[in-house]
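Student: here you go, sequence then predicted model.
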2 protein chains.
Amino acid sequence: MSSTLTDRQQQILDFIYATLEKQGVAPSLREIQAHFKLASPFGVKRHVDALTAKGALRRLEGKARALLPPLPPARRGTLTDVPLFGTIPAGLPTAKDQEPERFVSVDTTSLGVRPGASLYALQVRGDSMTGASILDGDVVFLTLRAPRPRDIVAALIDGESTLKRFLLRNGQPYLGAENPRYPDLLPAQELVIQGVMIGLLRRVHP
Amino acid sequence: MSSTLTDRQQQILDFIYATLEKQGVAPSLREIQAHFKLASPFGVKRHVDALTAKGALRRLEGKARALLPPLPPARRGTLTDVPLFGTIPAGLPTAKDQEPERFVSVDTTSLGVRPGASLYALQVRGDSMTGASILDGDVVFLTLRAPRPRDIVAALIDGESTLKRFLLRNGQPYLGAENPRYPDLLPAQELVIQGVMIGLLRRVHP
DNA sequence: ACATGACGTGTACAAATGAACACTAAAAAC
DNA sequence: GTTTTTAGTGTTCATTTGTACACGTCATGT
């Protein structure tokens, strides 16, 4: 099945992936031909045929630029660019006047959310949630839905969004920190819940 | 710039993304035409033109199937499928699998590694690393390189891989747990370091 | 020497695909 | 009511793109 690729086949495979990466679309056979300064498209076709025969490439026959990685795309996730906000001064984070610092790309299925879900990310500052194993510098993913008890939520407090745990006591919702050095028991009715945490991404020192 | 899309334009945009998702290649104008049971490809072209004019779609003109999301691909990351090997006992050793259970898709740039790096993932079981804010159920990403002091590493102990912190004392490497209830001070020379932790992905209850 | 396979050339053809024009119809905006 | 926008039809043309065949070169192994 997947025998070894020849040098030329590897070069062509690399070029296909490089083009896919760079411009988002696979190259046509003639574009490959031009890149390798060949005089005929037929040689390219034979290489591409060899690559598909060896399982190094997948192809939708007859269709233009239909060169794909051999993994069926159903197994891959959906890469979405999640806007990362440092702090959210006011309003809902989806408002257009908020400029995200940058974007974090994550796979939605790995996070367990459907691709269409409204997602955003916050970078954690401080140590108020170390009790929940959320460290300074971690990136937390949040979505907009109603909080359930014991959810970790981002709430707007004094113009800054802070991570708290959403709790119920005698039917009254309140927010609690996960660090004993921080005050507890904030009445949740007066606060704007900006999102519910659904995931976390930590990047250890590179 | 990005004015509102009409219903029809939204339908066509959805179909383009659905096709991209499903078969990995964008549809041709005539495939869109066939899906919406139109009689002419020209109507489709005008919709696509409108979408690009409104910034909802990007296009490489003249090229076949060159419909892309409006974000330039340079800003997007590289989605790689990281093999997830069963569970890693962070604490008491349990059973270990050879075959990867499944794959986790992550963006390598978000993790701060180059796309070619050899990556694998393990799911944490147990609570021996709660001191490092690594919880039961977390997915840790590891790469193959020499460990530096204070790196968190996966080590092979009694045929099981376990998460420990790599430390130096008097020039002697040893491994320590991050939970006082677990034993410390394992001589690292006799152990095989299987990988160095470079990231963590946590998925909170959906 | 001979066969075999990887690699390339030149030309030709056909299918896939994008682009264009003139015209019509319905809904929305004015 | 009139104009504008949106949506669609039928047809035609040019370009892009995939596929095919016949032939040549070179290295490699038997």
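Tutor: Received, thanks. Residues are numbered from 1 along each chain as shown, chains lettered A, B, ... in the order given.
Student: the longest strand seen in chain A vs strand B:192-203, what angle?
Tutor: For chain A, the longest strand by residue count, based on DSSP state E, is strand A:192-203. Strand A:192-203 runs at 170 degrees relative to strand B:192-203, counting by axes from the mean of the first three to the mean of the last three C-alpha atoms, to 10 degrees.
Student: list the contacts of residue A:179.
Tutor: Counting by C-beta atoms under 8 Å, 6 or more residues apart in numbering or on different chains, residue A:179 touches A:127, A:128, A:129, A:130, A:131. For every residue, glycine as well, the C-beta is placed using N, CA and C.
Student: restricted to strands, list these.
Tutor: Among those, no member lies in strands (by DSSP E).
Student: of these, closest to chain B?
Tutor: Checking these against chain B with C-beta to the nearest C-beta, the nearest one is residue A:130 at 7.0 Å.
Student: got the CA positions of the helix or strand encompassing residue A:168 in PDB?
Tutor: Using DSSP states H and E, residue A:168 falls within strand A:160-169. What follows is strand A:160-169, C-alpha atoms only, in PDB (Å, rounded to 0.1, in the frame of the first residue of the first chain):
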ATOM      1  CA  GLU A 160     -13.100  44.200  34.100                       C
ATOM      2  CA  SER A 161     -14.100  40.700  33.300                       C
ATOM      3  CA  THR A 162     -13.100  38.200  35.900                       C
ATOM      4  CA  LEU A 163     -13.400  34.400  36.200                       C
ATOM      5  CA  LYS A 164     -15.600  33.200  38.900                       C
ATOM      6  CA  ARG A 165     -17.500  30.100  39.800                       C
ATOM      7  CA  PHE A 166     -21.300  30.400  39.400                       C
ATOM      8  CA  LEU A 167     -23.000  28.900  42.500                       C
ATOM      9  CA  LEU A 168     -26.400  28.700  44.000                       C
ATOM     10  CA  ARG A 169     -27.200  29.100  47.700                       C
END
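Student: pull out the buried positions in the helix or strand following it.
Tutor: Next in sequence after strand A:160-169, counting helices and strands by DSSP H and E, comes strand A:172-176. The neighbour-count check on strand A:172-176 (16 or more other C-beta atoms under 10 Å in any protein chain shown) flags A:173, A:174, A:175, A:176 as buried.
Student: in CSV: the residues you listed, plus distance to DNA strand D and pLDDT.
Tutor: Formatted as CSV, the buried residues of strand A:172-176 follow (distance: C-beta to the nearest atom of the strand, whole Å; pLDDT from 0 to 100):
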residue, distance to DNA strand D, pLDDT
A:173, 44, 77
A:174, 48, 79
A:175, 45, 81
A:176, 50, 81
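Student: tabulate these (CSV), appending distance to residue B:41.
Tutor: Formatted as CSV, the buried residues of strand A:172-176 follow (distance: C-beta to C-beta, whole Å):
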residue, distance to residue B:41
A:173, 56
A:174, 60
A:175, 56
A:176, 60
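Student: those residues also near DNA strand C: which ones?
Tutor: For DNA strand C, no contacts are drawn from the buried residues of strand A:172-176 by C-beta under 7 Å from any atom of the strand.
Student: of those residues, which is the nearest to residue B:40?
Tutor: residue A:173 (57.1 Å; C-beta to C-beta).
Student: which parts of chain A are strands?
Tutor: Remark: strands assigned in chain A by DSSP E are A:58-59, A:67-68, A:79-85, A:102-107, A:119-123, A:139-143, A:152-157, A:160-169, A:172-176, A:186-187, A:192-203.
Student: reformat those as CSV; add distance to residue B:202.
Tutor: As requested, the strands of chain A are exported to CSV (distance: least, C-beta to C-beta, whole Å):
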stretch, distance to residue B:202
strand A:58-59, 33
strand A:67-68, 31
strand A:79-85, 15
strand A:102-107, 12
strand A:119-123, 13
strand A:139-143, 9
strand A:152-157, 11
strand A:160-169, 13
strand A:172-176, 20
strand A:186-187, 24
strand A:192-203, 4
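Student: quick one, which of those strands gets closest to residue A:35.
Tutor: It is, among the strands of chain A and with distance given as C-beta to C-beta, strand A:67-68, at 13.7 Å.
Student: okay, now the domains of chain A?
Tutor: Recorded structural domains for chain A (assignment: automatic domain parsing) are A:7-73, A:79-201.
Student: rank those by mean pLDDT and give me the bottom one.
Tutor: With a mean of 70, domain A:79-201 has the lowest mean pLDDT of the domains of chain A.
Student: from the contacts of residue A:179, which is closest to DNA strand C?
Tutor: DNA strand C lies nearest to residue A:129 out of the contacts of residue A:179, by C-beta to the nearest atom of the strand, at 47.2 Å.
Student: thought that closest one was touching residue A:175?
Tutor: No: taking C-beta atoms under 8 Å as the definition, residue A:129 is not a contact partner of residue A:175, at 11.5 Å.
Student: so for the two, which residues contact both of them?
Tutor: In contact with both residue A:129 and residue A:175: residue A:164, using C-beta under 8 Å, 6+ apart.
Student: torsion angles phi and psi at the nearest residue to residue A:60 once chain neighbours are set aside?
Tutor: Excluding the flanking residues, the one nearest residue A:60 by C-beta to C-beta, 6 or more residues apart in numbering or on different chains is residue A:66, at 3.7 Å. Phi and psi for residue A:66, reported as degrees, to the nearest 10, are phi -100, psi 60.
Student: number of nearby residues for residue A:66?
Tutor: 17 (other C-beta atoms under 10 Å in any protein chain shown).
Student: quick check: residues of chain A near DNA strand D?
Tutor: Residues of chain A lying near DNA strand D (C-beta under 7 Å from any atom of the strand): A:28-31, A:40-42, A:45, A:61-66.
Student: which of these are buried?
Tutor: A:28, A:29, A:31, A:64, A:65, A:66.
Student: still on that earlier bit, roughly how far does the residue nearest to residue A:60 sit from DNA strand C?
Tutor: 7 Å (C-beta to the nearest atom of the strand, to the nearest Å).
Student: just to check, that residue is in contact with residue B:27?
Tutor: No: applying C-beta under 8 Å as the test, residue A:66 and residue B:27 come out as separate, 10.7 Å apart.
Student: shared neighbours, these two?
Tutor: Joint contacts of residue A:66 and residue B:27 (C-beta under 8 Å, 6+ apart) are residue B:65.
Student: residue A:15 contacts residue A:34, doesn't it?
Tutor: No: look at residue A:15 against residue A:34 with C-beta under 8 Å: they stay out of range, at 10.8 Å.
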